[in-house]
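Student: Let me see the structure of the following:
(2 chains)
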Amino acid sequence: MWQFRQARDVKLYDKFILLMLSAAGLFSIINLMEWWFQKKHIVNFPLFVILSTFFWYGIFRIILIWINYLGIRKPPTVPKPKDGLSVAIFTTSAPGEPVSMYEKTLAALRNVTYPHTTYLLDSTEDVAFKEVAEKYGAVYLDLANLPGAKAGKVNKALSMTTEEFILILDPDHIAFPNFLDQTLGFFEDEEVGFVQVSQGYYNQYRSFTAAGAAEQTYSFYGPTQMGLYGFGAAVAIGANCTFRRKAFDSIGGHAVALAEDLVTSMRIHAAGWKSVYNPVIVNRGLVPEDFGSFAKQQLKWARGVFEVLFVDYPHLFKKFTFWQKFSYGAISFYYFTGLMTFFFIMIPPLYFMTGIIPANMNFAEFLIKGTPIAVIALAIYLYAQKFLVHPQTEAGFHWRGMILKYSLWPIYFLAFILSLLNHKIPYIPTAKKAVIGSLTPFARPLIWYNIFFILSVILVFINRKYYVPESELLFTSSRTWGMIGFSILAFIQSTGGILAAMEAMRMKEEIPWEHIDVNNISTKIIKK
Amino acid sequence: MQLKPTYRILFITGAFALGLLIVYILSIAGAKSKGPIQNALNQAENNILNIENSLIIEKRENKRKKALVAYDSIRSNIDILKNPKKILLGASDNSKSESFEEIINLEDSLNTTFPILSIYTAWGSKANEQFPELAARTIINLGSTPFITWEPWLEDFDEAEFPGIPVPEKRGKGSLKAIANGTYDKYITKWGQGVKALDKPIFLRFGHEMNDPYRYPWGPQNNKPKDYVAAWKHIRSIFDSLNIKNVLWVWAPHPAYGYFDAFYPGDEYVDYVGIGILNFGDAATWSKWWTFDELFGVNYEEFSSFKKPIMITEFGSLVVGGDRGHWFADALRQTPKKYPQLKSIVFFHQPADKTITSKVVSWYFINDPATLDSIKEQIAMWPDSLKIK
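Tutor: Predicted coordinates:
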């Protein structure tokens, strides 16, 4: 785990295979489209429109992924940084964060080989943080009571320092000694505004939630960002991005927003800077271990991304290159999955209450038209996994990630509603340690859904057993149980989410960073 | 990784060509698996039906089937049905889809249970134009015999499924010849397999009122009588080759348009002669209040000359222009003695019929106590030997 990793080089034949598969996928989608939009499929026109919108939104997202992978690119070489660059590393501490974590973070930063100054941007006003900073040779900056949370502190610190390059590192991330050697060299190109690297984790083995949350990011920090980079739109997302001070200056400092990294990234691109994505693991951090913390993080992030969609994206749209419009558009529309899942979950109850079905389609025909798309999508997904930063541990079907994604639909749905109403949510720092011992309120919608589902099945059965006349029963038999079967998918997802949330009730208290030996991180290049 | 333009074009075309090839292979696999997938889904559907049937319907106390216990041995034996000793009553009502509750309400009002339930279905590629399996199974579950009117409208056939068929508007001309020539064999075969899967006989009325040149596309305005006969025989030959033995073939010309012999497929192809008896009263300019004798009696001799049991496939009277209760009473009183070959009467109980008149008319009499009473009264007076008890 504590070993430098990098994604595999992109070969010409990789591009050929991905293009071939994408073309095949596109043809299959046209095939399905031709079949889908037939008059005989329409039962209820408005519902058919809504169903089609959500279904094709899902298909459209798949196409976006394929296009994204066509751009896949890795910097051919990592330029060796010139000597004598002035570099600052910012990491932050806020009330509630455990000081013991900083023992590791700051020790690891001291080991980063390229000469630099580490700053601890503190708002705890706790002397222990000052002591730990000094112990590891970091400069302590007391930045309490500033507006704008993390971004506010970063901006203040920018005004207090002069270094030309700034790495902003999340405090739970353990940097590898060669971190800066993997990023600074790219700034030789005067147009490069920031350099983003991959993000590894070291606690994904702790729980289902942690594994699922990590799985959701593997593809993003592998083929997805490499594709964005290929299209000139590698984004600064998450943390651990190295910025050029001039890039910050050109946009008036780090953006203050819920999705602050994303907005910063967009503004820097809009100001004309280029970006680099280097698919290497030169740091490992924490992923939320309990469902509640993960849900909280996702709510904040999804709300932030909707804000981007409604405010920043249209505002900056004209200043983007074509592919930046495309990439940021794709990111901005991501969290409609909550709305989409809500709609699909509502189809069976709607049928049971009103007898309305949104479309009249032959399921066998749908399977025959749809399966090629699923097969090709799976092939592309698996092929793209060649470019994961560490395929040995990261490759797979990522089913935990999928269960988490769909069981978080109430969160994404809520985020959408909040942004429609323009309601803010307070900045919530992600918990560094698992919140243990109780069931998170974020699991409640899932529990309600499951209760609702079980009650529905019982009611449907009682109704059919005692009340539906024998002259009508058989007509609705397969449709009724087909609908129940369809809801079982949602029930399984929901149950997965509940089980993940319940795991936190009996998780062992453990400090994940306790056993890290920062002096035992290998930066050797592994030959494959 | 910059390629020269020529290589770039080659690269992209090559990838697209191979992509197309993949889709082609997948679509062949898809076409091959369509049958098995559909069969597997049908099987699953059938299993669900059977489970609900045994778990729910069979466990109920007040099953309709109980009232028809005496009919059970009749409906299971096609030879008895071909030559019934009893008069089999029935009804149709299309007002509510996926339900026979309206007919059951009528039964309750008449204090009877119909051995025959009548439904209508069109030919075509759509889901509701396939063999009406659920309706047929439900009717059988209810203890009755399905009577299916099978109407060869051809507009809805999918050109992808039947390559080479004319555009929908042109399918009327020569439609019966096309059927006889085997154009729609695939459809007929699949439909037949649905019939065969039932464990009880059905009445089947194909292309009714084929001698009426105004009403349906399968009429003589588009087809020759011999084509009708050829189409009938062709369908029968397909059913015979599938070894389907549970069909009672109802041949039903329109009584007003004659030429019966020209349209008659032959004794060995027909089990019942059907006739529609609908009194429109004053509802249309062309109609007047006709008595049952004027409608049925005048044709009885000719229809009975086929030496087959006769079924009144659509039996009804509107209320305008006369006394409806009396009309029904008059008809049912005479039936047993005067018309001994009349073995089945199917009430045409439709609340919103617009097939002939320009306006929508209602054949409902469920809310007319006088009519209900006279029907009940007359049927009660029939000799017991003609009634299912």
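
Student: Find the closest residue to chain B in the stretch 151-300 of chain A.
Tutor: Proximity of the stretch 151-300 of chain A to chain B (Cβ to the nearest Cβ) peaks at residue A:230, 9.9 Å away. Bear in mind the C-beta positions are built from the backbone N, C-alpha and C, glycine included.

Student: That residue touches residue A:71, doesn't it?
Tutor: Yes: here residue A:230 lies in contact with residue A:71, judged by Cβ atoms under 8 Å, at a distance of 3.1 Å.

Student: Residue numbers of the stretch 351-500 of chain A in contact with chain B?
Tutor: Applying Cβ under 8 Å from any Cβ of the partner chain, we find that the stretch 351-500 of chain A lies next to chain B at A:360, A:362-365, A:367-369, A:371-372, A:375-376, A:464-465, A:469-478, A:481.

Student: picking that back up, any idea how many residues pack against the residue of the stretch 151-300 of chain A closest to chain B?
Tutor: Using other Cβ atoms under 10 Å in any protein chain shown, residue A:230 has 21 neighbouring residues.

Student: host element of residue A:475?
Tutor: helix A:473-503 (DSSP states H and E).

Student: Walk me through the domains of chain B.
Tutor: Domain segmentation of chain B under automatic domain parsing yields B:1-59, B:66-386.

Student: Can you tell me which residue of chain A sits closest to chain B?
Tutor: residue A:23 (2.9 Å).

Student: Can you tell me the closest non-neighbouring residue to that residue?
Tutor: Distance criterion Cβ to Cβ, 6 or more residues apart in numbering or on different chains; nearest residue to residue A:23, sequence neighbours excluded, is residue B:19 at 2.9 Å.

Student: confidence score at that neighbour?
Tutor: Confidence at residue B:19, expressed as pLDDT, is 89.

Student: quick one: the helices in chain B?
Tutor: B:5-55, B:69-75, B:78-82, B:101-110, B:133-141, B:175-180, B:185-197, B:225-241, B:260-263, B:292, B:298-304, B:324-338, B:369-381 (DSSP state H).

Student: Out of those helices, point me to the one whose mean pLDDT is lowest.
Tutor: helix B:5-55 (a mean of 85).

Student: quick one: that helix to helix B:133-141, angle?
Tutor: Interaxial angle, helix B:5-55 versus helix B:133-141 (axes from the mean of the first three to the mean of the last three Cα atoms, to 10 degrees): 10 degrees.

Student: thinking again about what came up before, and the residues of the stretch 351-500 of chain A next to chain B, which are buried?
Tutor: A:362, A:364-365, A:367-369, A:371-372, A:375-376, A:464, A:470-478, A:481 (16 or more other Cβ atoms under 10 Å in any protein chain shown).

Student: who's in contact with the residue of the stretch 151-300 of chain A closest to chain B?
Tutor: Residues near residue A:230 by Cβ atoms under 8 Å, 6 or more residues apart in numbering or on different chains: A:70, A:71, A:72, A:73.

Student: filter those down to the ones near chain B?
Tutor: Of the contacts of residue A:230, not one also sits near chain B (Cβ under 8 Å from any Cβ).

Student: Need the per-residue pLDDT for the closest residue to residue B:45 other than its chain neighbours.
Tutor: The shortest distance from residue B:45 to any non-neighbouring residue, by Cβ to Cβ, 6+ apart, is to residue A:478 (4.2 Å). Per-residue pLDDT puts residue A:478 at 86.

Student: same thing with residue A:284?
Tutor: At residue A:284, pLDDT is 93.

Student: residue contacts, it?
Tutor: A:1, A:2, A:173, A:174, A:199, A:200, A:201, A:202.

Student: Which members of the residues you listed are classed as buried?
Tutor: Judged by 16+ other Cβ under 10 Å, buried ones among those: A:2, A:173, A:174, A:199, A:200, A:201, A:202.

Student: Was I right to think the second one contacts residue A:105?
Tutor: Yes: in this structure residue A:173 lies within contact range of residue A:105 using Cβ under 8 Å: 6.9 Å.

Student: re the thing from before, want to throw the helices of chain B into TSV with distance to residue A:126 and mean neighbour count?
Tutor: Shown next, in TSV, are those (distance: least, Cβ to Cβ, whole Å; neighbours: other Cβ atoms under 10 Å in any protein chain shown):
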stretch	distance to residue A:126	mean neighbour count
helix B:5-55	59	14
helix B:69-75	89	15
helix B:78-82	94	15
helix B:101-110	75	18
helix B:133-141	73	22
helix B:175-180	90	24
helix B:185-197	79	17
helix B:225-241	89	19
helix B:260-263	101	17
helix B:292	103	23
helix B:298-304	105	15
helix B:324-338	96	19
helix B:369-381	91	17
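
Student: Show me where the stretch 201-350 of chain A dips below the pLDDT cut-off.
Tutor: Segments of the stretch 201-350 of chain A classed as low confidence (criterion: pLDDT under 70) are A:238.

Student: CA-only coordinates of stretch B:207-216 in CSV, if you can.
Tutor: C-alpha atoms of stretch B:207-216 as CSV (Å, rounded to 0.1, in the frame of the first residue of the first chain):
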residue,chain,number,x,y,z
GLY,B,207,-64.0,-13.2,-40.6
HIS,B,208,-67.7,-12.8,-39.7
GLU,B,209,-70.2,-11.1,-42.1
MET,B,210,-67.9,-11.8,-45.0
ASN,B,211,-70.7,-11.3,-47.4
ASP,B,212,-71.4,-7.7,-46.4
PRO,B,213,-69.8,-5.4,-48.9
TYR,B,214,-69.9,-2.2,-46.7
ARG,B,215,-68.6,-3.0,-43.4
TYR,B,216,-65.3,-4.9,-43.0
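
Student: Only the buried residues of that stretch, if you could.
Tutor: For stretch B:207-216, the neighbour count (16+ other Cβ under 10 Å) marks B:207, B:208, B:209, B:210, B:211, B:212, B:216 as buried.

Student: out of the contacts of residue A:230, who has the most neighbours?
Tutor: For the contacts of residue A:230, neighbours tallied by other Cβ under 10 Å; top is residue A:72, 25 neighbours.

Student: Next up, the contacts around that one.
Tutor: Going by Cβ under 8 Å, 6+ apart, residue A:72 touches A:10, A:14, A:15, A:18, A:223, A:226, A:227, A:230, A:384, A:387.
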